[in-house]
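1. fold the following for me, if possible:
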Amino acid sequence: MEAAGFSAAANLAASGSIDGKLIIWDAATFSQRSVCAHPDGVTRLAWHASQPLVASACLDGRVRVWDLRTGAAVHDWGGHGAAVQDVGFSCDGRWVLSGGDDGVARVFQL
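-> Reported below is the predicted structural model:
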């Protein structure tokens, strides 16, 4: 496992791993709700402060935002020439910032 954490906006948690799986968990029962498949390993997760969303950084050079309630990808952004190693939401939740092994930081509008 590479990343894990709890949502502040919902009674949910998520874990991401090098096998490309982002697993969404029900935090009340600790049961698995859904699996969000990535084509490559997940390196980092970031939590939206007020919505049930989680952003994932991936070894395939992409950043994805997932709806924790449904397990569906609501955004999928590229632009990195190498693995994405970090991701975060702005304080107001309107922007996503990523940093990759290509030495580039990218900003995406949510």
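
2. and the strands in this structure?
-> Listed in chain order, the strands of the chain (DSSP state E) span 3-6, 12-16, 21-26, 31-37, 42-47, 53-58, 63-67, 72-77, 84-89, 95-100, 105-109.

3. what mean pLDDT does stretch 53-69 have?
-> Stretch 53-69 carries an average pLDDT of 97.

4. now do the end-to-end distance for it.
-> 8 Å (CA to CA, to the nearest Å).

5. coming back round to it: pick the most deeply packed of the strands of the chain.
-> strand 53-58 (a mean of 26; mean count of other CB atoms under 10 Å). C-beta coordinates here come from the backbone N, C-alpha and C atoms, glycine included.

6. quick one: strands adjacent to it?
-> Paired with strand 53-58 in the same sheet, following DSSP bridges, are strand 42-47 (antiparallel), strand 63-67 (antiparallel).

7. identify all contacting residues around that strand.
-> Residues outside strand 53-58 that contact it (CB atoms under 8 Å, 6 or more residues apart in numbering) are 3, 7, 9, 14, 16, 20, 22, 24, 36, 38-48, 63-68, 74, 83-89, 96, 98, 110.
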